[in-house]
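Peer 1: what follows is a predicted protein model with its sequence.
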Amino acid sequence: LSIKCFQERIAEYNHGDFDGEFFHPSQLGGCLRSTWFNRFDAPKDGETTSDDLFREYMIFETGTYVGVMFQNLCERAGVLLRREIPIVSRRYHILGHADGEVKIDGVRYILEIKTINSRLFAELAKDKKPKKAHVRQIMAYMKCLDRQWGIIVYLEKDRHQAMEFIIQFDEDYCEEHVTRRIDMFLRQLRKRILPEREGTNPNTFPCRWCPYTRICFSTFPLQRFLKSIKARE
């Protein structure tokens, strides 16, 4: 049942495909090589177990229902305009969904809701700025929806504290960190060019939790996989 539910939820949020020329904004802050491996079904470090599927499903569902909770609060406050906005842009090759749109004091904001642990929450409070990956994500949504403002809300899972950041759309930032990054990835995908590795150590971030660490850092398995990719052309 868990596997079936998990597969249904993934399908629900993918909104279909258009000829493979798409990019999920939630991946903008991750390693493009890892995303490239995923697109070509590269072998993962280990077999996916039922525990792995259940954990992934629960993380996915927790984030979903925290989003629903915040959407409900916004609705009760009379500021919610839309929930779960599907985003399918052939022009920008973006496929995803925003958590919602609110209107506060006459200004429309794209809403993005994130759940994080206490350590990351403390880092946000110290730095007084949101995570770069989330800024890139909401910038992509604002670009597609032609909006100038966004709000990123963080909920700390341990003590249920919340923090929000107002984001103003920046065309230059979006061009450098969203548009160019997506265009580069899709070009590498079409030409089967392996992207540069964005981590330096398999035991540190962002490589530590990547399911493709073994093939990424091992010369022979990597070369063998790249040959198999070329053979598919």
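Peer 2: In hand now; what should we look at?

Peer 1: strands of the protein, start to end?
Peer 2: 80-89, 94-104, 107-116, 149-156, 162-168 (DSSP state E).

Peer 1: which of those strands sits closest to R33?
Peer 2: strand 94-104 (20.0 Å; C-beta to C-beta). (C-beta placed from N, C-alpha, C; glycine too.)

Peer 1: for that closest one, name the packing helices and strands.
Peer 2: Counting contacts by 3 or more C-beta pairs under 8 Å, 6 or more residues apart in numbering; DSSP states H and E, strand 94-104 is packed against helix 2-14, helix 50-76, strand 80-89, strand 107-116, helix 132-145.

Peer 1: ok, now with 6 Å
Peer 2: Packing partners of strand 94-104 (3 or more C-beta pairs under 6 Å, 6 or more residues apart in numbering; DSSP states H and E): helix 50-76, strand 80-89, strand 107-116, helix 132-145.

Peer 1: in a markdown table: the strands of the chain, plus mean neighbour count and mean pLDDT.
Peer 2: Putting those into a markdown table (neighbours: other C-beta atoms under 10 Å; pLDDT from 0 to 100) gives the following:
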| stretch | mean neighbour count | mean pLDDT |
| --- | --- | --- |
| strand 80-89 | 16 | 91 |
| strand 94-104 | 21 | 94 |
| strand 107-116 | 20 | 96 |
| strand 149-156 | 21 | 97 |
| strand 162-168 | 14 | 97 |
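
Peer 1: circling back to that earlier point, the helices and strands packed on strand 94-104: which one's closest to D41?
Peer 2: Nearest to D41 among the helices and strands packed on strand 94-104 is helix 50-76 (16.8 Å), distances taken as C-beta to C-beta.
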